[in-house]
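> model this:
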Amino acid sequence: MNTDQVKGKAEQVVGKIKQGTGQAVGNDKLANSGVADQVKGAARETWGNVKDAAQSEHKEHANHARDRVVEKTEELKERANESIDKHKR
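So this is what the prediction gives:
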């Protein structure tokens, strides 16, 4: 979980509290501000989700590339050893 996700969730909680308090005391401005905070928090949390997804995709790509390098290295090593063995005979 990244900071945008955490901050977004926190902003949504604060917004719900402000909205509830505003509605309870009849303060429309406070209630509306709470709704705005919830929207802002949801947008920030979503942005954090996007960043996490992109980072995860990058890690998957890097892991795949590393695996391919290891595979190719092993293949080359086997071919070299086979060639060496042929010349020993």
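> Let me know how buried K29 is, in neighbour terms.
For K29, the neighbour count with other Cβ atoms under 10 Å is 8. (C-beta placed from N, C-alpha, C; glycine too.)
> and it, what does it touch?
G22 (Cβ atoms under 8 Å, 6 or more residues apart in numbering).
> what about it, which SS state?
Of the three states, K29 takes helix under DSSP: H, G, I helix; E, B strand; the rest coil.
> Please shift the residue numbers so they start at 57 in all later answers.
All set: I'll call the first residue 57, so the last point we hit is now K85.
> distance of it from A92?
11 Å (Cβ to Cβ, to the nearest Å).
> same question, L86
11 Å.
> Overlap in contacts, the two.
Common neighbours of L86 and A92 (Cβ under 8 Å, 6+ apart) do not exist.
> Spatially nearest residue to I73 (excluding sequence neighbours)?
For I73, ignoring the flanking residues on the chain, the nearest one in space by Cβ to Cβ, 6 or more residues apart in numbering is G90 at 7.0 Å.
> In terms of pLDDT, where does the most centrally placed residue in the chain sit?
Taking Cα atoms, centre = their mean, the centroid of the chain lies closest to D108, which sits 0.9 Å from it. What the model reports as pLDDT for D108 is 87.
> OK, contacts around it?
D108 is in contact with 57-58, 61, counting by Cβ under 8 Å, 6+ apart.
> Just the element for it, please.
Using DSSP states H and E, D108 maps to helix 84-144.
> And that helix, how far out from the chain middle?
9 Å (Cα atoms, centre = their mean, to the nearest Å).
> now swap in stretch 136-145 and tell me
49 Å.
> and it, average pLDDT?
83.
> can you pull the contacts of D93?
D93 neighbours (Cβ under 8 Å, 6+ apart): 67-68, 70-71, 74.
> out of these, which are inside helices?
Judged by DSSP state H, the contacts of D93 include 67-68, 70-71, 74 as members of helices.
> still on that earlier bit, could you dump the contacts of D93 into JSON lines and include pLDDT and distance to E116?
Formatted as JSON lines, the contacts of D93 follow (pLDDT from 0 to 100; distance: Cβ to Cβ, whole Å):
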{"residue": "E67", "pLDDT": "97", "distance to E116": "30"}
{"residue": "Q68", "pLDDT": "96", "distance to E116": "29"}
{"residue": "V70", "pLDDT": "98", "distance to E116": "35"}
{"residue": "G71", "pLDDT": "96", "distance to E116": "34"}
{"residue": "K74", "pLDDT": "97", "distance to E116": "40"}
